[in-house]
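In: structure, please.
(2 chains)
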Amino acid sequence: MQNNLFIYNSLSKKKELFKPLHPPFVGLYVCGPTVYSSAHLGHARGAIIFDLLNRYLLHLGYKVRYVRNITDVGHLEDENAGEGEDRIAKKARQEQLEPMEVVQKYLNTYHKNLEQLNTLPPSIEPRASGHIIEQQELIKEILEKGFAYVVNGSVYFDVLKYNEKYKYGKLSGRILEDLQSSTRTLEGHDEKRNSFDFALWKKAAPEHIMKWPSPWSIGFPGWHLECSAMSVKYLGDVFDIHGGGLDLLFPHHECEIAQSTAAHGKESVRYWMHNNMITINDQKMARSLGNFITLDQLFSGDHPALKQAYSPMTIRFFILQAHYRSTLDFSNEALLAAEKGLQKLMKAVETLEKLKSSSDASTFDVANLKKKCYEALDDDLNSPILLSHLFDGVKYINSVFEGIGKIDTSTLDALKELYNTFVFDILGLKDESAGESDEKLTGELMKIIIELRQNAKNNKDFPTSDKIRNELNLIGITLKDRKDGVDWER
RNA sequence: GGUCGGUUAACCGAGUGGCUAGGUAGCGGUCUGCAAAACCGUUUACGGCGGUUCGAAUCCGCCACCGACCUCCA
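Out: This next block holds a predicted model:
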């Protein structure tokens, strides 16, 4: 199996040709959310970007095992200090729910939102709480290799010791001395030997809700541990791609590298990919900053910052219009522009189905367009360039429809295949035009109304024909007079 | 303070050492009874100052501003 896909590897900071370890199989691991509140626009970006990658790899013929974890335990509010409450436990207390109820509640909306956004589900969606044994086994391995120490029933990773044998900070470019001086100094008695050491296992306080027995104490695993344990379990000691948000690069992914390397003596991940953040007013959208807009709010328009509702496909298109390694700024104007752009694209795809080929030679080079589309994706998933090429084709499709351009049969077939492949299969866009059961009836009714309006027009009764058009407009139906008949849409 | 990244026209957003990115909005035209859609044409750019070069928005240096990470965050 051959491909020409170059992806930017955060580890080497270069675009590298993607060569899977065991073709045709590809192992893809992506960090999923901690499920203690609703998913927002930022979560959508990560999900959509790695969905694009997954879809493209599938299109290229790979058998992708796509693993995306769910963090449902062990994620503390103050990870560095190893203190503070577990996020999920806190929410559980606030909402008077079982921790697993909190998890289920937000996991359900996460799944619903991602389905609305037309992302393909991962092959495996492991949860941290379901892999306590695996995490404990990993801790044991790290302890045996001498890269961790036990204090009062908690286990910490010994970064200094690790750094002697392997280099710590490869991914983030961080240097230990810098960390030592810049990491916040902790008051009182810290169990850690160094401030940059991190917890592998934490002894639970008596009031702590989520806890498990272990050789060291009744407690719970550290946050970074789950990804190391679960990725290796499902994808093997060494696997192809690890993805996640740029904000996870340090410390989360750096710690993951340290854990896996310490345990297995080699690095697990061959390509690290990081998507950039969504910004709002030039600031990162984040739960902790309180400036986020949830996906449900976007879809319903129910948020003070929103001028209207935006459909899931509008959101998807908006995200695909920017390169995944750039920040993307949220605004109503940008979203509105995306909505219009998407409409234009989807309408052209519909138009394509109505096109009639002629015996004249085509005035457009589809093979060249196809080549450019692949080149765009191969260049580190450059979806904005891909879209710009697809819009070149849109212009041509419309010009043929208007009788300006010419198209022959083979070109028409090639163009249909190209748009089906790239728009639906790879970019994962879909037609959102509503309702099926009522659709037929509406179509029949519209036929009658259009005929009545035509009669009025024939009789030069324009007040009547205008009234029909305007009133239809009010209920969201737009009429369009074309050369050979009347189109309508809502 | 340390590390990294960004600054592109009205807005969003690609990209490249010399050739129109694209979408949205605007303007002029075709079409239309009018409008919408579509098509054709078109106006605003590459933060500032130097340098390298025949040529730089694109490479280098300095400066300014903005952001991310260094707690948790997709």
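In: low pLDDT regions in chain A?
Out: A:1, A:74-84, A:178-189, A:433-441, A:483-484 (pLDDT under 70).
In: would you mind measuring the gap between the ends of stretch A:65-72?
Out: By CA to CA, to the nearest Å, the extent of stretch A:65-72 from end to end equals 22 Å.
In: my bad, stretch A:273-287
Out: End to end - CA to CA - stretch A:273-287 spans 22 Å.
In: where along the stretch 201-350 of chain A do the helices fall?
Out: A:225-235, A:254-264, A:295-300, A:312-320, A:332-354 (DSSP state H, counting those that start in this stretch).
In: and for the stretch 1-150 of chain A?
Out: Under DSSP H, counting those that start in this stretch, the stretch 1-150 of chain A gives helices at A:41-59, A:87-95, A:99-116, A:132-144.
In: looking at the ones you listed, spot the one closest to A:His208.
Out: helix A:87-95 (7.0 Å; CB to CB). The C-beta positions use only the backbone N, C-alpha and C, and glycine is treated the same way.
In: what about the closest one, distance to the chain center?
Out: Helix A:87-95 has its average C-alpha position 26 Å from the chain's average C-alpha position, going by CA atoms, centre = their mean, to the nearest Å.
In: near RNA strand B, anything from that helix?
Out: Yes - on the criterion CB under 7 Å from any atom of the strand, helix A:87-95 is in touch with RNA strand B at A:Arg87.
In: which residues does that helix contact?
Out: A:34-37, A:72-73, A:75-77, A:97-99, A:101-103, A:208-210 (CB atoms under 8 Å, 6 or more residues apart in numbering).
In: quick revisit: deepest of the helices of the stretch 1-150 of chain A, which one?
Out: Highest mean neighbour count of the helices of the stretch 1-150 of chain A: helix A:41-59, a mean of 23 (counted as mean count of other CB atoms under 10 Å).
In: how about that one as PDB, C-alpha atoms only?
Out: Extracted in PDB, the C-alpha atoms of helix A:41-59 (Å, rounded to 0.1, in the frame of the first residue of the first chain):
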ATOM      1  CA  LEU A  41     -16.600  24.100  20.100                       C
ATOM      2  CA  GLY A  42     -13.000  23.200  21.000                       C
ATOM      3  CA  HIS A  43     -13.900  19.600  21.500                       C
ATOM      4  CA  ALA A  44     -15.500  19.600  18.200                       C
ATOM      5  CA  ARG A  45     -12.300  20.700  16.500                       C
ATOM      6  CA  GLY A  46     -10.300  17.900  17.800                       C
ATOM      7  CA  ALA A  47     -12.900  15.400  17.000                       C
ATOM      8  CA  ILE A  48     -13.400  16.700  13.500                       C
ATOM      9  CA  ILE A  49      -9.700  16.900  12.700                       C
ATOM     10  CA  PHE A  50      -9.000  13.400  13.700                       C
ATOM     11  CA  ASP A  51     -12.100  12.200  12.000                       C
ATOM     12  CA  LEU A  52     -10.800  13.800   8.800                       C
ATOM     13  CA  LEU A  53      -7.500  11.900   9.400                       C
ATOM     14  CA  ASN A  54      -9.300   8.700  10.100                       C
ATOM     15  CA  ARG A  55     -11.600   9.100   7.000                       C
ATOM     16  CA  TYR A  56      -8.700   9.900   4.800                       C
ATOM     17  CA  LEU A  57      -6.700   6.900   6.000                       C
ATOM     18  CA  LEU A  58      -9.700   4.700   5.400                       C
ATOM     19  CA  HIS A  59     -10.100   6.100   2.000                       C
END
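In: that one near RNA strand B at all?
Out: Yes - with CB under 7 Å from any atom of the strand as the measure, helix A:41-59 is seen reaching RNA strand B through A:41-43, A:45-46.
In: who are the packing partners of that helix?
Out: Identification of packing neighbours for helix A:41-59 by 3 or more CB pairs under 8 Å, 6 or more residues apart in numbering; DSSP states H and E yields strand A:25-30, strand A:63-68, helix A:99-116, strand A:239-245, strand A:269-275, strand A:278-280, helix A:295-300, helix A:312-320.
In: and the second one, what's buried?
Out: What that stands for is strand A:63-68. Neighbour-count burial for strand A:63-68, counted by 16 or more other CB atoms under 10 Å, picks out A:64-68.
In: up against RNA strand B, what does the stretch 151-300 of chain A have?
Out: Counting by CB under 7 Å from any atom of the strand, the residues of the stretch 151-300 of chain A that sit close to RNA strand B are A:172-174, A:178-179, A:182-184, A:195, A:223, A:244-252, A:275-279, A:282-289.
In: buried only: go through those for me.
Out: Buried among those (16+ other CB under 10 Å): A:172, A:174, A:179, A:195, A:223, A:244-246, A:248-249, A:251-252, A:275-279, A:284-287.
In: so the residue nearest to A:Met313 when sequence neighbours are not counted: helix, strand or coil?
Out: Leaving aside its chain neighbours, A:Met313 sits nearest to A:Glu432 (5.1 Å; criterion: CB to CB, 6 or more residues apart in numbering). Secondary structure for A:Glu432, judged by DSSP: H, G, I helix; E, B strand; the rest coil, is coil.
In: please verify my assumption that A:Glu432 contacts A:Ser311.
Out: Yes - using CB atoms under 8 Å, A:Glu432 makes contact with A:Ser311 at a distance of 5.5 Å.
In: and the residue of the stretch 251-400 of chain A nearest RNA strand B?
Out: Residue of the stretch 251-400 of chain A nearest RNA strand B, by CB to the nearest atom of the strand: A:Gly341 (2.3 Å).
In: for that residue, give me its contacts.
Out: By CB under 8 Å, 6+ apart, the contact list for A:Gly341 reads A:317, A:321, A:387, A:391.
In: interface residues of the stretch 351-490 of chain A facing RNA strand B?
Out: A:379, A:382, A:384-385, A:387-388, A:391-392, A:394-395, A:398-399, A:401-402, A:404, A:457, A:462, A:465-466, A:469, A:478-483.
In: filter these down to the buried ones.
Out: By 16+ other CB under 10 Å, those give A:379, A:382, A:385, A:387, A:394, A:398, A:401, A:457, A:465, A:469, A:479 as buried.
In: skip the chain neighbours and tell me the closest residue to the second one.
Out: Pointing back at A:Asn382 there. A:Ala376 (4.6 Å).
In: in which helix or strand would I find that neighbour?
Out: Following DSSP states H and E, one finds A:Ala376 within helix A:366-378.
In: just the CA coordinates of stretch A:135-154, formatted as CSV?
Out: C-alpha atoms of stretch A:135-154 as CSV (Å, rounded to 0.1, in the frame of the first residue of the first chain):
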residue,chain,number,x,y,z
GLN,A,135,-2.6,1.0,35.0
GLN,A,136,-1.4,-0.7,38.1
GLU,A,137,0.6,-3.2,36.1
LEU,A,138,2.2,-0.2,34.3
ILE,A,139,3.1,1.4,37.6
LYS,A,140,4.7,-1.9,38.7
GLU,A,141,6.8,-2.0,35.6
ILE,A,142,8.0,1.6,36.1
LEU,A,143,8.8,0.8,39.7
GLU,A,144,10.7,-2.3,38.8
LYS,A,145,12.8,-0.3,36.3
GLY,A,146,13.5,2.2,39.0
PHE,A,147,11.8,5.3,37.6
ALA,A,148,9.3,5.7,40.4
TYR,A,149,9.2,5.8,44.2
VAL,A,150,6.5,5.2,46.8
VAL,A,151,5.7,7.7,49.5
ASN,A,152,2.9,7.2,52.0
GLY,A,153,0.9,5.0,49.7
SER,A,154,1.3,7.2,46.7
